[in-house]
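[1] sequence first, predicted coordinates after that:
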Amino acid sequence: METLDNAARILGDLQDIISGIDPEKAQAVLSDIRRANRVFVAGAGRSLLMMRAFAMRLMHLGLTVYVVGETVTPAIGEGDLLLGGTASGETATLKVMAQKAKKAGARLDLLTIYKDSSIAKLADSVLIVPAATNQVEGGKTSWQPGGSSFEQSLLVLLDGMTAALAGQMGIPLSGALGLHANLE
Ligand SMILES: O=P(O)(O)OC[C@H]1O[C@](O)(CO)[C@@H](O)[C@@H]1O
């Protein structure tokens, strides 16, 4: 039962976190995704895994999307969007990517907990995910390790965004898997 009690506690936390997200800011990111020539997603560790999952869904919807760091990911430039996911907003590798993307003329949207973080300060648009980490930094402290509550929130938020995007593009979600990899 301990496992299921913990899972239920996570679901309760997620409910609070998701309901604390600004819907207008979420729509702004969604509009940026639709407007972009190409979308590049980036992050580190488990945050990157969640961004990867979102990239797959954007591909399913027919958008041109790349994961930064993949061998086949091309140069970013004007008209493109770099969408970063980072709990701390301070991860060094993502900061360098953000700086380079801005220099190349791309737009930078960031999903993070901290609006005053150094990567958030570089961003054109910041969507705050009011999760917590296990660091004691002024605000909340999570009972879970590292950025777990942020990472879980990211997956749920981005799946919600996928459904909204599909609706706005007139694509039935149930039929959105036609482009899914057939070599697996
Ligand atoms: O989400 P952030 O703050 O960029 O941190 C990423 C780090 O967090 C982790 O995803 C673990 O929670 C690590 O794998 C990674 O190093």
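    Done, it's in.
[2] contacts for stretch 44-63, please.
    Applying Cβ atoms under 8 Å, 6 or more residues apart in numbering, the external contacts of stretch 44-63 come out as 33, 39, 41-43, 65-67, 83-87, 91, 93-94, 146-148, 150-151, 154-155, 158-159, 161-162, 165-166, 169, 171, 176-180. Bear in mind the C-beta positions are built from the backbone N, C-alpha and C, glycine included.
[3] return only those of those found close to the ligand.
    Residues of those in contact with the ligand (Cβ under 6 Å from any ligand atom): 86, 87, 91, 94, 146, 147.
[4] got a pLDDT number for the residue of the chain at minimum distance from the ligand?
    Nearest residue of the chain to the ligand (Cβ to the nearest ligand atom) works out as residue 45 at 1.8 Å. We have a pLDDT of 98 for residue 45.
[5] check the one 4 residues further on too.
    As predicted, residue 49 sits at a pLDDT of 98.
[6] what about it, neighbour count?
    For residue 49, the count of nearby residues is 14 (other Cβ atoms under 10 Å).
[7] list the buried residues for the host helix or strand of it?
    Secondary structure from DSSP states H and E places residue 49 in helix 45-60. Buried residues in helix 45-60, defined by neighbour count with 16 or more other Cβ atoms under 10 Å: 46, 47, 48, 50, 51, 54, 55, 57, 58, 59, 60.
[8] stretch 36-43 too?
    The neighbour-count check on stretch 36-43 (16+ other Cβ under 10 Å) flags 36, 38, 39, 40, 41, 42, 43 as buried.
[9] ok, so what distance separates the residue nearest to residue 172 when sequence neighbours are not counted from residue 92?
    In space, residue 172 comes closest to residue 166 once its chain neighbours are excluded; the distance is 7.2 Å by Cβ to Cβ, 6 or more residues apart in numbering. Relative to residue 92, residue 166 is positioned 35 Å away (Cβ to Cβ, to the nearest Å).
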